[in-house]
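*Asks:* What follows is a predicted structure for the sequence shown.
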Amino acid sequence: MASTGAFPTPLVMRLLAASVSVSYKAGNIIRDILKTGELGIIEKGRNDLQTEADRAAQRCIVATLHKHFPKVAIFGEESLDPAIRIPEDYIVKDFDPEVLSHPCPTGYKDVTDDQVVVWVDPLDGTAEFTQGLLDHVTVLIGVAVNGEAKGGVIYQPYYNYQEGPDATLGQCIWGLVGLGAFGFQPQNPPVGKNLITTTRSHSDWMVTEAVNSCEPTDIIRVGGAGHKVVLLLEGKVHAYVFASKGCKKWDTCAPEAVLHAIGGHLTDLLGKPILYYANVQRTNSGGVLATLHNHQWYVDKIPAEIKENFISDVPSDGMIDKKKQLVEQIVCFHCGGDAGSSVDPPEFNQVDYSDASADVSELSKK
Ligand SMILES: Nc1ncnc2c1ncn2[C@@H]1O[C@H](COP(=O)(O)O)[C@@H](OP(=O)(O)O)[C@H]1O
Ligand SMILES: [Mg+2]
Ligand SMILES: [Mg+2]
Ligand SMILES: [Mg+2]
């Protein structure tokens, strides 16, 4: 693995490099499962589906990152059956050389395991995936540092799929706040329009009302938080407005980091930051608002009657630490680390690594 001369490669860069590499594998797994036609759909709740592709991709990503970074807290969307064994080839050994070729921004050089939380959405846009709207699907791996979204990987497994059966599928976008974002062509949205994207499968009157209050010239209803942020990155929309508590931390961590890395913003509807500490509530109770430019204009456009239905992660007195104590106590999962950790949050997938015998112990050393 590359390192910076006599100094070991900093944790954040290694995490991002491993996340980029494993996102390609997760994309392969998703495409292979779709080809079998056996999606194994489970209804987790109302309008909330899980497929075998969600399950398998999460196993691959979490097992890989856990193997390389055993002391980092990793939270995935899906609750998984711990009895299911993970195939050996799900453990990806590579660390993306392109990521490692970049210098680590100064602020991350001393970041330690306990300051990092990884948020994994193995397949964002599941509803659309089951309906064949494949370009709405992304794999999201977000790296939070001290509770803030800083690094992100957005892998699009079906990028290019309109080009026909011989096209090479997939695009990996990644970014780190302070370094930049890579793997796509940044574009500014068209002048003289106000294109707003929002959910296509989780809408209600408040979602629509909030979009309308932002004076859209066009409304683009598509699936996936990751996909909607890609539309922002590519200059296809001006804002992503979602007045709902339906998105979770794994939906927004990676997209927020990539967007922020090129100067954009992803906040709640009140314009307050979304927090990504290990013990923060999973739900984005403040809704989601993302833009590349003019963020405050959109915050100001959301009517007070809508805003009052949403609760920021950051309390009005700005005391984040106090708020942290108020959230439901969830003991963070530090594999092989903190001996006091006895309870896994329900969202954390409990995986069986016994078949995953790839020897990556050298790589996890600092
Ligand atoms: N009401 C709701 N219930 C459950 N999940 C919701 C939801 N609203 C949004 N989400 C989740 O937020 C993500 C983006 O939603 P949307 O595509 O509607 O914009 C999706 O992630 P997943 O597809 O990873 O589950 C979706 O499931
Ligand atoms: Mg889901
Ligand atoms: Mg999602
Ligand atoms: Mg998902």
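*Replies:* Here it is on my side, so go on. Ligands and ions are numbered 1, 2, ... in the order given.
*Asks:* can you list the residues of the chain near ligand 4?
*Replies:* E77, D121, L123, D124 (CB under 5 Å from the ion). Where you see a C-beta, it was placed from the backbone N, CA and C, and this is true even at glycine.
*Asks:* Now, of those residues, which are buried?
*Replies:* E77, D121, L123, D124 (16 or more other CB atoms under 10 Å).
*Asks:* returning to what we had before: of all the residues of the chain next to ligand 4, which comes closest to I91?
*Replies:* L123 (19.1 Å; CB to CB).
*Asks:* And for G125, nearest residue in space, chain neighbours not counted?
*Replies:* Beyond its immediate neighbours in the sequence, the residue positioned closest to G125 (CB to CB, 6 or more residues apart in numbering) is G224, lying 3.1 Å away.
*Asks:* neighbours around the one you found, how many?
*Replies:* Per other CB atoms under 10 Å, the neighbour tally for G224 reads 30.
*Asks:* Equivalent analysis for Q131, please.
*Replies:* Count around Q131 with other CB under 10 Å applied: 13.
*Asks:* so how far is K272 from it?
*Replies:* 34 Å (CB to CB, to the nearest Å).
*Asks:* Kindly report the same for A83.
*Replies:* For A83 relative to K272 (CB to CB), the value is 41 Å.
*Asks:* Settle it for me: which of these two has more neighbours?
*Replies:* Taking other CB under 10 Å, A83 and K272 do not tie; K272 has more neighbours (19 against 7).
*Asks:* show me what contacts that one?
*Replies:* K272 is in contact with G286, S312, D313, V314, counting by CB atoms under 8 Å, 6 or more residues apart in numbering.
*Asks:* just Q187 next, same as before
*Replies:* L233, E234, G235, K236.
*Asks:* Considering only the residues you listed, which also neighbour ligand 3?
*Replies:* Checking these against ligand 3 (CB under 5 Å from the ion), there are no matches.
*Asks:* How about the contacts made by the closest residue to ligand 1 within the chain?
*Replies:* Ligand 1 sits closest to G246 of the chain, with a gap of 2.1 Å, by CB to the nearest ligand atom. For G246, the contacting residues are T199, H202, by CB under 8 Å, 6+ apart.
*Asks:* and the gap between it and Y277?
*Replies:* To Y277, G246 is 21 Å away according to CB to CB.
*Asks:* got the contacts of K272 as a markdown table, with distance to P103, neighbour count and secondary structure columns?
*Replies:* A markdown table is the format used below for the contacts of K272 (distance: CB to CB, whole Å; neighbours: other CB atoms under 10 Å; DSSP: H, G, I helix; E, B strand; the rest coil):
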| residue | distance to P103 | neighbour count | secondary structure |
| --- | --- | --- | --- |
| G286 | 34 | 25 | coil |
| S312 | 34 | 21 | coil |
| D313 | 31 | 24 | coil |
| V314 | 31 | 19 | coil |
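*Asks:* how about CSV for the residues you listed, with distance to K67 added?
*Replies:* Formatted as CSV, the contacts of K272 follow (distance: CB to CB, whole Å):
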residue, distance to K67
G286, 34
S312, 36
D313, 30
V314, 34
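*Asks:* pLDDT for those - can I get that in TSV?
*Replies:* TSV is the format used below for these (pLDDT from 0 to 100):
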residue	pLDDT
G286	98
S312	96
D313	95
V314	90
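*Asks:* Would you check which pair of these lies furthest apart?
*Replies:* For those, the farthest-apart pair by CB to CB is G286 and V314; their separation is 8.7 Å.
*Asks:* how about the closest residue to ligand 3 within the stretch 201-350 of the chain, what does it touch?
*Replies:* Using CB to the ion, the single residue of the stretch 201-350 of the chain nearest to ligand 3 is D251, 4.0 Å away. Going by CB under 8 Å, 6+ apart, D251 touches D121, D124, L140, A225, G226, N284, V288.
*Asks:* And V207, by the same measure?
*Replies:* Each residue near V207 by CB under 8 Å, 6+ apart is listed here: T198, T199, F242, A243, S244.
*Asks:* Give me the subset of these that lies in strands.
*Replies:* T198, F242 (DSSP state E).
*Asks:* from the contacts of V207, which are also near ligand 1?
*Replies:* Contacts with ligand 1 within the contacts of V207, as defined by CB under 6 Å from any ligand atom: T199, S244.
*Asks:* CSV please, covering the contacts of V207 and showing pLDDT.
*Replies:* Formatted as CSV, the contacts of V207 follow (pLDDT from 0 to 100):
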residue, pLDDT
T198, 98
T199, 98
F242, 98
A243, 98
S244, 98
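*Asks:* ok, and what's touching stretch 301-319?
*Replies:* 206, 209-210, 213-215, 241, 243, 245, 268-270, 272-275, 280-281, 284-287, 289, 320, 322-323, 326.
*Asks:* Of these, which belong to strands?
*Replies:* V241, L289.
*Asks:* Could you work out the end-to-end span of stretch 235-253 for me?
*Replies:* When the termini of stretch 235-253 are compared using CA to CA, to the nearest Å, they are 20 Å apart.
*Asks:* got the buried residues for that stretch?
*Replies:* Using 16+ other CB under 10 Å as the test for burial, stretch 235-253 gives 236-253.
*Asks:* Sounds good, over and out.
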